[in-house]
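S.K.: Next one to model:
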Amino acid sequence: MYGDEKRAALIARTATFVALITFGGWLSIPFIPVPVTLQSFFVLLAGVSMKRWGVMPVTLYLLLGILNLPVFHNGLGGVGVLLGPTGGYLVGFIPAAVIIGVACERKAMAIRGAGIILATATIYLIGIAWLLYSTAIAPLPALVGGMLIFLPGDAMKGVIAYLAARKMP
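M.R.: Below you'll find the model as predicted:
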């Protein structure tokens, strides 16, 4: 790795975003069935900053959590978190990072913006599908508790990620 600045930068960014996503999960406001965290914001930023390589810190983050390290919301870890009501949202981070990463490789801001919206929608889609499957909650309460209450905050996260994407080369 000595002398390979691109590889060293990739490793450093990966480690930084794993730490940021973890930090975002620890900043948690408990809601039922899904807490409010900043994880999705840092997933979006990873894709914006690292392009298609943004999937690496997200995948590593999930692997660390599966290995029972306390990286998930409220310092939780283990496979049980992925099998619980928040598991779909966490798994949805992976395709979301790919979507935004590929979109941010394009110069057109419309494509980058669409990537941010599609990535967020992917997290919701997988999250709500798993929420319905893993709990005995009805579809309407799942939509309200798993998406609608998060829309204003996620819209702000998306705008900030979009503004960051405008500054990225």
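
S.K.: Show me what counts as buried in the host helix or strand of residue 162.
M.R.: Taking DSSP states H and E as the definition, one finds residue 162 inside helix 151-167. Neighbour counts over helix 151-167 (16 or more other C-beta atoms under 10 Å) mark 154, 157-158, 161-162, 164-165 as buried. Placement of C-beta: from N, CA and C, glycine included.

S.K.: need the contact list for the nearest residue to residue 83 once chain neighbours are set aside.
M.R.: Of all residues not flanking residue 83 in the chain, residue 134 sits nearest, at 6.8 Å (C-beta to C-beta, 6 or more residues apart in numbering). Contact analysis of residue 134 by C-beta atoms under 8 Å, 6 or more residues apart in numbering lists 83-85, 87-88.

S.K.: one step back: contacting residues around the helix holding residue 162?
M.R.: The contact list for helix 151-167, computed with C-beta under 8 Å, 6+ apart, reads 36, 38, 40-41, 44-45, 48-49, 100, 104, 109, 112-113, 116-117, 120.

S.K.: With stretch 12-28 instead?
M.R.: Here stretch 12-28 has contacts from 35-43, 45-46, 49-50, 53-54, 56-58, 60-61, 64, 71-75, 93, using C-beta under 8 Å, 6+ apart.
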